[in-house]
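Novice: output the structure for:
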Amino acid sequence: MAGTRANSTTMQYSAAVMRRAERAVRCSPFYLKLLAAMRDRSVSVPTIAEDSGALKGYTQQPLSDVATERELMWLASVGILRREVDGQGLTDSFRLTPLGRQLVEKWQDNGDAEKRASLADFLKNAVVRWLRLPDWLI
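Specialist: Okay, the predicted model is just below:
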């Protein structure tokens with residue numbers, strides 16, 4: 001994986017990879033509570049979507065199934081989440097990757113859980129997401 005190097009206990013990610021991951025999560029409609037739940041188990045789209053996710057404290061407001069999956073897939077493409085598979089292929093569930101685990105642990109340790117993205121972060125995330133450009137180009 002580009003930008004990483006192995007260590008005996010955990011992967012070490014470059015500062016650029018961590019910044020991009022943090023920005024993607026902070027710009028997402030999800031709260032740390034969802035990511036913390038995904039650390040221990042996979043969480044399905046129906047559990048997060050509609051009123052269910054908002055009532056559980058996973059989302060800022062109710063999201064449709066399609067919007068929920070779109071947001072989760074973006075976090076997967078950034079490397080924070082992975083989609084679960086079973087014997088028949090992909091499922092509708094997601095869980096944290098090692099990068100996502102490190103991010104959650106960092107935020108819990110530092111008390112940064114509720115810090116939201118700045119306007120500049122939202123704009124940069126939107127451009128990177130829309131054009132699928134590497135961060136170093138913008």
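Novice: so what's Val66 up against?
Specialist: Contact analysis of Val66 by Cβ atoms under 8 Å, 6 or more residues apart in numbering lists nothing. Heads up, the C-betas are built off the backbone N, CA and C, glycines and all.
Novice: please tell me how far it sits from Val45.
Specialist: 9 Å (Cβ to Cβ, to the nearest Å).
Novice: just Gln88 next, same as before
Specialist: Distance, Gln88 to Val45, by Cβ to Cβ: 17 Å.
Novice: of those two, which one has the most company?
Specialist: Counting neighbours by other Cβ atoms under 10 Å for Gln88 and for Val45 shows that Val45 has the greater number, 18 against 6.
Novice: which non-adjacent residue is nearest that one?
Specialist: Counting by Cβ to Cβ, 6 or more residues apart in numbering, Asp92 is the residue found nearest to Val45 once chain neighbours are left out, at 4.5 Å.
Novice: report whether the one you found is found in a strand, as I expect.
Specialist: Yes. According to DSSP: H, G, I helix; E, B strand; the rest coil, Asp92 belongs to a strand.
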